[in-house]
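Colleague: need coordinates for the below:
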Amino acid sequence: MGLIICELGFEDEDVNRAGYSMREVDFYALVPYDSQRRYNIKNHRLSLRKNLMTGEFEVYRFYPDEEREEVVFSGDFEDALEFANNECNRYWGHLGRREPDRPCQHKYPIIDRWFCPKRDG
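Modeller: Residues are numbered from 1 along each chain as shown. Have a look, this model is predicted:
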């Protein structure tokens, strides 16, 4: 089962990185070697964050061998989730298709129980 992710949970600023959300969601921590070869891509982590200066959500790759990041998508929340889900299936799909992560609907049963500010009422 995929995660339910609330877009409202990305409003707090990271004290160590001004202009970006404290909350980040990691979709995967590495790219399998077979996928690196097949797609001619370097190993990386894929994460979602909010750019608080632009209001857009960013999906970015962090390349640990180079200590470098690359924003590969910037836009609205639902499109960012779709992009990240597609990347997961691209690089990890050979192990079986996973259920996609979904946006929070701010009410049960489709609610981010940890980060949705509307979870208690």
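Colleague: how about the residue nearest the centre of the chain: what's its closest non-neighbour residue?
Modeller: Among the residues of the chain, the smallest C-alpha distance to the mean C-alpha position (C-alpha atoms, centre = their mean) belongs to L48, namely 3.0 Å. The spatial neighbour of L48 that comes closest, neighbours along the chain excluded (C-beta to C-beta, 6 or more residues apart in numbering), is V25 at 4.5 Å. C-betas here are computed from N, CA, C, even on glycine.
Colleague: also E78?
Modeller: Nearest-residue entry for E78: P103, 5.6 Å, with adjacent residues in sequence omitted and distances by C-beta to C-beta, 6+ apart.
Colleague: any weak-confidence spans in the chain?
Modeller: Residues of the chain meeting the criterion pLDDT under 70: 121.
Colleague: how about the contacts made by D112?
Modeller: Contact analysis of D112 by C-beta atoms under 8 Å, 6 or more residues apart in numbering lists 3-6, 9, 104, 119.
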